[in-house]
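[1] pasting the sequence and the predicted model now:
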Amino acid sequence: MANNDDQFKKVISHAKEYGYVFQSSEIYDGLSAVYDYAHNGVELKKNIRDYWWKAMVQMHENIVGIDASIFMHPTTWKASGHVDAFSDPLIDNKDSKKRYRADVLVEDYCAKIEAKIEKEVKKAAKRFGEAFNNDEFLNTNPRVLGYQEKIKTILSRLGKSLEKEDLADVKALIEELEIACPLSGSRNWTDVKQFNLMFGTKLGASAETAMDLYLRPETAQGIFVNFLNVQKTSRMKIPFGIAQTGKAFRNEIVARQFIFRMREFEQMEMQFFVKPGTQKEWYEQWKETRLKWHLSLGLGKDNYRFHDHEKLAHYADAAADIEFKFPFGFKELEGIHSRTDFDLKAHEEFSGKKLQYFDHEDNQSYVPYVVETSIGLDRMFLAVFSNALVEEELENNTTRTVLKLPAVLAPTKAAILPLVKKDGLPEVARQIIDDLKWDFNVIYDEKDAVGRRYRRQDANGTPFCITVDHDTLENQTVTIRHRDTMEQQRVNISDLKSIIKQEVDVKSWLMKM
Ligand code: ATP
């Protein structure tokens, strides 16, 4: 079986080879942590976005959508706390001129000690053979215990220093551990500084009058500043939600892992406004609802887990992540945050405008509390895509590469294949396409033997292949082949639409929630 690194490499190369994701500006050697979606990728991304939008907006009477601008008045980011507190600790190496996240340097150092533990385990397992007991070895071997203690001490000091904003101690720790620049081997470090993750830009034609702006680092603030406008024009009563999908930008210092951590990415967020005091119930309810949404796609229950935050952001009174098992381990996919009245209150204070709701039942005004659900569209794409890519052993000792995307999300729903390029079969295939294309994304493929075309569509993630043969001309039937089971059925052309619809219809998938 491929190890996780190999599996992840396969995911990245398959995404490129089959037109899902390209490195941005590849002909110029790319731009770090920026990616483009290709002809299949753009469809998969759109289908994930639609699946989210339908579940959140269309299916909830009390949730409406908006599409706010990426640029916002700069005071927005003072009020939200991003100007002061949206940062990571960075350190530069004076010789190599390379920049690192100070916390990541220390964590990588610990990962090396972790690797030493693994080496000891392997050595011992070989020495003791069948008598080897992994847990006992880890709990008793003096060398291993020493390594574990060292990791604990280092990480606890790092955590405390970061919490206290004691950046001098973070640097002292790096020096004491004699951590060298991975590139140059040099230990000539600058001081540790906080680095704000927001991208700045300027609005205005002349240098003197230009206004400093930021590219939004999250979509949420576009919803908060519009809260009252939306509430009044939509005549929503609390509790109600506002949903939005759109680009966000973060100048991540260490951006690796393909589309998991990008500098330009897309979020799908929903802010749910509730009566103060009821936020805990709504928080629990949204955690459950969002997990059900994930499970409805059938990527496997065991691939999800909740991670409750112990250290809360300045605005939150409860927060949890839904983590997904990516090829590189369990990592955050979505956040559910109980944000209190922090944001609306801060915008009231900075703008001098009231952002309150008049509750007719209680006959009083208040600043609502907010429970938000926030998921990265690109991370969801990676979750779906990496989970779908499998190498399958077949009965005749061959293998096939198949992208088992949930049919509702697949870019192309069916490929129409004339068995041969003559005898009028292509014409019939075209007629089928002309009918089906009103309802589904379908493609025509006549190149190569039909078996190779099936494999190509398997790797492309297409749930159905429809083959037109000589019998079709006689009796108006075709063969429909199912991607996952490889089963083939003979069906009437007139039944194709309903057969496909049943499997790709959003309703039948969301009903599983
Ligand atoms: P992380 O801890 O991974 O940096 P975060 O806690 O900063 O993420 P949030 O601010 O809660 O993330 O953003 C909500 C969601 O947006 C995340 O759950 C994730 O899916 C997505 N997201 C955040 N940063 C990025 C990024 N750089 N690239 C892609 N998606 C991202």
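    Yep, it's here.
[2] report the contact partners of the residue in the stretch 101-250 of the chain positioned nearest to the ligand.
    When scored by CB to the nearest ligand atom, the stretch 101-250 of the chain has Arg250 as its residue closest to the ligand, at 5.0 Å. From N, CA and C alone the C-beta is placed, and that goes for glycine too. With contacts defined as CB atoms under 8 Å, 6 or more residues apart in numbering, Arg250 is in contact with 197-199, 217, 263, 265.
[3] name the nearest of the residues you listed relative to Asp439.
    Closest approach between the contacts of Arg250 and Asp439, by CB to CB: Phe265, at 31.2 Å.
[4] mind checking what helix or strand follows whatever helix or strand that closest one lives in in sequence?
    According to DSSP states H and E, Phe265 maps onto strand 264-274. Tracing the chain C-terminally past strand 264-274 and defining elements by DSSP H and E, one meets helix 279-296 next.
[5] next, the buried residues of that following helix.
    Using 16 or more other CB atoms under 10 Å as the test for burial, helix 279-296 gives 279, 282-283, 286-287, 290-291, 293-294, 296.
[6] what residues of whichever helix or strand comes after that helix count as buried?
    Once helix 279-296 ends, the next helix or strand along the chain (criterion: DSSP H and E) is strand 304-308. Judged by neighbour count (16+ other CB under 10 Å), strand 304-308 contains these buried residues: Tyr304.
[7] what about the closest residue to Ile66 other than its chain neighbours, which SS state?
    Counting by CB to CB, 6 or more residues apart in numbering, Ile66 lies nearest to Gln244, which is 5.4 Å off, once chain neighbours are set aside. Per DSSP: H, G, I helix; E, B strand; the rest coil, the secondary structure class of Gln244 is strand.
[8] contacting residues around the helix or strand that contains Lys325?
    Under the assignment given by DSSP H and E, the secondary-structure element containing Lys325 is strand 318-326. Outside strand 318-326, the residues that touch it by CB under 8 Å, 6+ apart are 257, 260, 279-280, 283, 287, 290-291, 294, 299, 302-309, 312-313, 330-338, 379, 382-383, 386.
[9] the one helix or strand Lys46 maps to versus helix 279-296: what angle between them?
    Mapping Lys46 onto the secondary structure by DSSP H and E places it in helix 39-53. Using axes from the mean of the first three to the mean of the last three CA atoms, to 10 degrees, the inter-axis angle of helix 39-53 relative to helix 279-296 is 140 degrees.
[10] as a whole number, average confidence for helix 39-53?
    Summarised as a single mean, pLDDT over helix 39-53 is 98.
[11] with stretch 258-269 instead?
    When pLDDT is averaged over stretch 258-269, the result is 97.
[12] do that stretch and the ligand meet?
    Yes - part of stretch 258-269 sits close enough to the ligand to count as contact by CB under 6 Å from any ligand atom, namely 261-262, 265, 267.
[13] restricting to C-alpha, output that stretch in CSV.
    As requested, the backbone C-alpha atoms of stretch 258-269 are provided in CSV (Å, rounded to 0.1, in the frame of the first residue of the first chain):
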residue,chain,number,x,y,z
PHE,A,258,-1.1,22.0,-2.0
ILE,A,259,-4.5,23.6,-1.8
PHE,A,260,-4.8,23.0,1.9
ARG,A,261,-3.1,26.3,2.8
MET,A,262,-3.2,28.9,0.1
ARG,A,263,-2.6,32.6,0.0
GLU,A,264,-5.8,33.2,-2.0
PHE,A,265,-8.6,30.9,-1.2
GLU,A,266,-12.4,30.8,-1.0
GLN,A,267,-14.5,30.6,2.1
MET,A,268,-18.2,29.5,2.6
GLU,A,269,-19.4,31.2,5.8
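[14] tally up the residues packed near Ser184, please.
    The number of residues packed near Ser184 is 14, by other CB atoms under 10 Å.
[15] show me which residues of the stretch 151-300 of the chain sit near the ligand.
    Contact residues, the stretch 151-300 of the chain versus the ligand (CB under 6 Å from any ligand atom): 218, 250, 252, 261-262, 265, 267.
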